[in-house]
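> sequence and predicted structure are below.
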Amino acid sequence: MTWEVVMGLEVHLQLATRSKIFSGSSTQFGASPNVQADAVDLGMPGMLPVLNEEAVRFAVKFGLGIGARIGKRSIFDRKNYFYPDLPKGYQISQFFDPIVCEGVFEVPSSDGSLLPIRITRAHLEEDAGKSVHDIFSQESGIDLNRAGTPLLEIVTEPDFRNADQAVAYLKALHSLVTYLGISDGNMAEGSMRCDINISLREKGSETLGTRAEIKNVNSFRFVERAIYREVERQADILDSGGTITQETRLYDAERDETRSMRSKEVANDYRYFPEPDLLPIEIDQAYIDAVRDSLPELPAAKRARLVSEYQLGEYDAALLVPDHAAAAFFEEVARLSGAAKPAANWILGDLTGALNRADLTIEASPISAEALAGLIVRIEDGTLSSKLAKQVFEGLWQAEGTTDEIIAARGLKQVSDAGELEKWVDDVISANPNQLAQYLAADETKRKKLSGFFVGQIMKASQGQANPKLLNELLIKKLNNQS
Amino acid sequence: MSISQEDVEKVALLARLSIAQTDLPEVTERFGRVLQLVNELNTIDTEGVAPMSNPHDMVQRLRPDVVTGSDEREALMSCAPAQDQGYFLVPKVID
């Protein structure tokens, strides 16, 4: 049987507010357990939530960023369940009237086309605390520092048909929210966590199969793996005539498998009702307009502009744009050097390679945009060949100084002087009579190949400093005059 | 609408309430009386009336995004039945 995969995603995005959604506790990651949890976060009797205005603004920014309808009157609801990391016994969420309503997010796919993903809704809620299972042998430890961190839960329609689409969506979403500045997007610290609703149906069928939900996957790679494994599992069951149980599963990266979360099975009855401790949020058009005016240039617009303004190819633009810092770095290098294409090549090639090897982000690059622009200027004006430029790049990375200082210190200046070049050419030709004879006996096409030997020898003799273009012209002229 | 004893047991489980088997018939009966009242309200024609989420005719006031909390762990943990190394301790929960 051929099965079609049908998936919808729910992303829990931690919003980059300084304080929590309903209390004045800090949201800073990495503090000692329970030092950033106050009486509100702990659900102490009589405590009342007070809504953080920045969380509301960030949610509206997101809604406008994907062109969704903003819920002008939205309401918080209680989602009731018991778990030790949720001391109140309910999570304050939005069920009936979310702050962000339907919209469409256009995801650029690898072939350059746009994949429209329908966003069902995005709503504000509070994060739960963390349970720690590996410190204590007999008990679980509870750290409530995360409790009350503002989350935006972004829910899609079942519009995904394969893992590639899901990963492309998550990457585009990550790029969008970091451009908007509403989340730090740090997946390793849990700032973006994904639930995958996944079902299979017979190809061509319009009805949906029974779905399983894979909870809390926190990296692009794990999302991809989890989908592969879950599709396999469901296909195996269906192929052998079985039925899928609707349940919550988790992805175990170490064993590379999904498995059932038994503890969550009984509890799937949340008995939502309006949160009596919070009044409705009203958002007027003036507020929406002001937030819209504050939006920065977003990834889709930036991609289009890099192509039109700098004549970059779609491919280069697509690589530079997702990381806000990389795009800014590129624009700075392009502006300072006046050479956009070489700027893109150096950033996407040597610089990215070096940063990856050193496990650094572009913000922490030892080579500043100004320094890289200095290097490109010296390539463009003919001072440096591409070979010498790589040596200067090494010097810049090692913080040996500016491009001009490194050229002087390492003696890397490209030699374009005809007299000096001529001397190297003459020396190499007379030192290699056998190769010269071979060259002269060869026909036109073979000669081209054989001349490479002489170029190599001269480059060696000049320690890479000979201007390759001039050298080549001079060499061919000299060789052809030998007969 | 009447309510069954099984419904009451399910609601009790979800609310983590322990109801003795001997009390169940009486609780079910009283629960049913509350539902009767709700059913009576349900007969009112509410066509065109917007659902009310809060009895106060007001909208939510927002607070600025400022950290005002400080480390109150010691005081807040003093009422916890079990704690160690800054964590609240609970019976082992693992999925």
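Perfect, thanks for sending it. Predicted, not measured: the structure shown is a model, and the values here were computed from it.

> ranges for the helices of chain B?
B:5-14, B:24-42, B:73-77 (DSSP state H).

> now do the stretch 351-483 of chain A
With DSSP state H, counting those that start in this stretch, the ranges of helices along the stretch 351-483 of chain A come out as A:352-358, A:369-380, A:386-397, A:403-410, A:418-431, A:433-441, A:444-461, A:468-480.

> neighbours of residue 55, how many?
This is for chain A. A:Ala55 has 27 neighbouring residues, counting by other CB atoms under 10 Å in any protein chain shown. C-beta: built from backbone N, CA, C; applies to glycine.

> if you could check chain B rather than the one you did, that'd help
Counted with other CB under 10 Å, the neighbours of B:Pro55 add up to 7.

> just the one 5 residues further on next, same as before
Burial measure for B:Gln60: 18 neighbouring residues, criterion other CB under 10 Å.

> skipping its backbone neighbours, what lies nearest it in space?
Sequence neighbours aside, A:Leu279 is the residue nearest to B:Gln60 in space, at 4.2 Å (criterion: CB to CB, 6 or more residues apart in numbering or on different chains).

> state whether that neighbour is indeed within a helix.
No - secondary structure of A:Leu279 (DSSP: H, G, I helix; E, B strand; the rest coil): coil, not part of a helix.

> quick check: residues of chain B near chain A?
B:13-14, B:16, B:53-54, B:56, B:58-69, B:71-73, B:76-77, B:82, B:84-95 (CB under 8 Å from any CB of the partner chain).

> now intersect those residues with the strands, please.
B:84, B:87-91 (DSSP state E).

> most neighbours, which of those residues?
For these, the largest neighbour count, defined by other CB under 10 Å, is 26 neighbours, found at B:Phe88.

> what about it, distance to A:Asp143?
B:Phe88 sits 8 Å away from A:Asp143, going by CB to CB, to the nearest Å.

> contact partners for A:Val223?
When contacts are counted by CB atoms under 8 Å, 6 or more residues apart in numbering or on different chains, A:Val223 is found next to A:163, A:166-167, A:170, A:194, A:196, A:217.

> can you report how many residues lie near the nearest residue to A:Tyr310 once chain neighbours are set aside?
Nearest residue to A:Tyr310, sequence neighbours excluded (CB to CB, 6+ apart): A:Ala340, at 3.8 Å. Residues contacting A:Ala340 under the criterion other CB under 10 Å number 20.

> same deal with A:Phe454?
Using other CB under 10 Å, A:Phe454 has 23 neighbouring residues.

> need the pLDDT of it.
Looking at A:Phe454, its pLDDT reads 88.

> what about the closest residue in space to A:Pro468 that isn't next to it in sequence, distance to chain B?
Nearest residue to A:Pro468, sequence neighbours excluded (CB to CB, 6+ apart): A:Ser385, at 5.5 Å. A:Ser385 sits 53 Å away from chain B, going by CB to the nearest CB, to the nearest Å.

> who's in contact with the residue nearest to B:Gln60?
By CB under 8 Å, 6+ apart, A:Leu279 lies in contact with B:54, B:56, B:58-61.

> just the buried ones among these, please.
When burial is judged by neighbour count using 16 or more other CB atoms under 10 Å in any protein chain shown, the buried members of the contacts of A:Leu279 are B:54, B:60.

> now pLDDT too, for the contacts of A:Leu279, in a markdown table please.
Output for these, formatted as a markdown table (pLDDT from 0 to 100):
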| residue | pLDDT |
| --- | --- |
| B:Asn54 | 82 |
| B:His56 | 85 |
| B:Met58 | 88 |
| B:Val59 | 90 |
| B:Gln60 | 91 |
| B:Arg61 | 92 |
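
> which of the contacts of A:Leu279 sit farthest apart?
In those, the most distant members under the criterion CB to CB are B:Asn54 and B:Arg61, with 13.0 Å between them.

> and stretch A:187-207, what's buried?
Using 16+ other CB under 10 Å as the test for burial, stretch A:187-207 gives A:187, A:190-201.

> so which residue is dead centre in chain B?
Geometric centre of chain B, nearest residue: B:Ala15, 6.9 Å, by CA atoms, centre = their mean.

> where in the chain is pLDDT low?
You didn't say which chain, so I picked chain A. Applying pLDDT under 70 to chain A picks out residues A:110-111, A:262-268, A:483.

> the chain in question should be chain B.
B:1, B:94-95.

> domains in chain A, by residue range?
A:3-290, A:297-410, A:418-480 (automatic domain parsing).

> in the stretch 351-483 of chain A, what residue is nearest chain B?
Residue of the stretch 351-483 of chain A nearest chain B, by CB to the nearest CB: A:Glu363 (23.6 Å).

> my guess is that residue contacts A:Ala325. True?
Yes - using CB atoms under 8 Å as the test, A:Glu363 is close enough to A:Ala325 to be in contact (5.1 Å).

> packing partners for the host helix or strand of A:Lys341?
A:Lys341 is part of helix A:340-346, with elements assigned from DSSP states H and E. Contacts defined by 3 or more CB pairs under 8 Å, 6 or more residues apart in numbering or on different chains; DSSP states H and E place helix A:340-346 against helix A:299-310, helix A:314-320, helix A:324-337, helix A:369-380.

> what separates the second one from the chain centre, distance-wise?
Counting by CA atoms, centre = their mean, to the nearest Å, helix A:314-320 is centred 13 Å from the centre of its parent chain.

> now tell me what touches stretch A:31-47 from outside.
Residues contacting stretch A:31-47 (CB under 8 Å, 6+ apart): A:20, A:22-28, A:48-49, A:87-89, A:129, A:132, A:141, A:143-145, A:147-148, B:69, B:71-73, B:76-77, B:85-88.

> same question but for stretch A:243-252, I mixed them up
Here stretch A:243-252 makes contact (CB under 8 Å, 6+ apart) with A:199-200, A:209-217, A:222, A:225-226, A:229-230, A:234, A:237-238, A:257-261, A:264-265, A:268, B:95.

> try stretch A:436-447
Defining contact as CB under 8 Å, 6+ apart, one finds that stretch A:436-447 is touched by A:429, A:450-451, A:454, A:479, A:482-483.

> let's go with 10 Å and repeat that
If you take CB atoms under 10 Å, 6 or more residues apart in numbering or on different chains as the criterion, stretch A:436-447 is touched by A:428-430, A:432, A:448-451, A:453-454, A:476, A:479-480, A:482-483.

> list only buried entries from the residues you listed.
A:428-429, A:450-451, A:454, A:476, A:479.

> so who does the closest residue to chain B within the stretch 101-250 of chain A touch?
Proximity of the stretch 101-250 of chain A to chain B (CB to the nearest CB) peaks at A:Gly141, 3.2 Å away. A:Gly141 makes contact with A:33-34, A:84, A:130-135, B:82-90 under the criterion CB under 10 Å, 6+ apart.

> try 6 Å
A:132, A:135, B:87 (CB atoms under 6 Å, 6 or more residues apart in numbering or on different chains).

> adding distance to A:Ile75 and mean neighbour count, write the helices of chain B out as TSV.
Formatted as TSV, the helices of chain B follow (distance: least, CB to CB, whole Å; neighbours: other CB atoms under 10 Å in any protein chain shown):
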stretch	distance to A:Ile75	mean neighbour count
helix B:5-14	22	15
helix B:24-42	21	12
helix B:73-77	30	15
